[in-house]
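> Sequence below, structure please.
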Amino acid sequence: MKMKMKMKTKTKTKTSECDIVVVGVGGQGVILLSSIIGKAALKAGLPVRSAETHGMAHRGGSVINHLRIGCMFGPLVPVGGADILVALEPAEALRYAHYLSKDGVALVNTKPVLPSTVTSGQSKYPPLEEILAPLQRICRGIKTFDATKLAVKAGNPQTMNVVMLGALSKYIPLREEMLIESLTESVPAKFLDVNRRAFELGKREG
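Next comes the predicted model:
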């Protein structure tokens, strides 16, 4: 008599409420954006773990930040474990796409920052379609928009990271009031109005 053996499938246990990877290039405000999210999580009473990789931040190099909201374990988001990838630059979205989970969402600023090898004619920047195609195969959803253009509309192109924060606010387990409070504490008072406008424009896109 043949007996059928039942195999137990191990279910991967999630160790955080929300895993976020924020990427961009130096000067785009990756660290500030991540800091605002982290402060908001603490205000909400949620444990948060983060890890910053500055890289060549001061020379326009690649920058990545890991954020784990509601996590009591390590600060690094595992490969294939990110609920959200926030990319302030499109090529950086592709560079770090492997962090996205299959159920994850990518928020991508479509305005590229051209490296010196491109501006000098040594190489070509890939078309946006080629950048996004692999992302579409990896995760369940991609939201693309020109956050830099919206930042200009808000009154300052440097608020692009806050535009991305506004878009992100629809996807994370933090109340908008907490994010705005953290934003208020993180930027100089004279720039608060323009940052608030940037947040609202991003929220509409999100």
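
> Off-centre distance for the lowest-mean-pLDDT helix or strand in the chain?
Between all helices and strands in the chain, the lowest mean by mean pLDDT, DSSP states H and E belongs to helix 116-119, at a mean of 84. Put simply, helix 116-119 sits 25 Å off its chain's centre (CA atoms, centre = their mean, to the nearest Å).

> average pLDDT for stretch 63-81?
Mean pLDDT, computed over stretch 63-81, is 92.

> Only the buried residues of it, if you could.
63-71, 76-77, 81 (16 or more other CB atoms under 10 Å). The C-beta positions use only the backbone N, C-alpha and C, and glycine is treated the same way.

> coming back round to it: can you show me the CA trace of the least confident helix or strand of the chain as CSV?
The C-alpha trace of helix 116-119 is given here as CSV (Å, rounded to 0.1, in the frame of the first residue of the first chain):
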residue,chain,number,x,y,z
SER,A,116,29.6,62.5,-16.1
THR,A,117,30.2,59.5,-18.4
VAL,A,118,26.9,60.4,-20.2
THR,A,119,27.4,64.2,-20.3
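
> For stretch 61-81, measure first residue to last.
Start-to-end span of stretch 61-81 (CA to CA, to the nearest Å) is 24 Å.

> picking that back up, tell me which residues of the least confident helix or strand of the chain come out buried.
For helix 116-119, it's none, nothing buried (16+ other CB under 10 Å).
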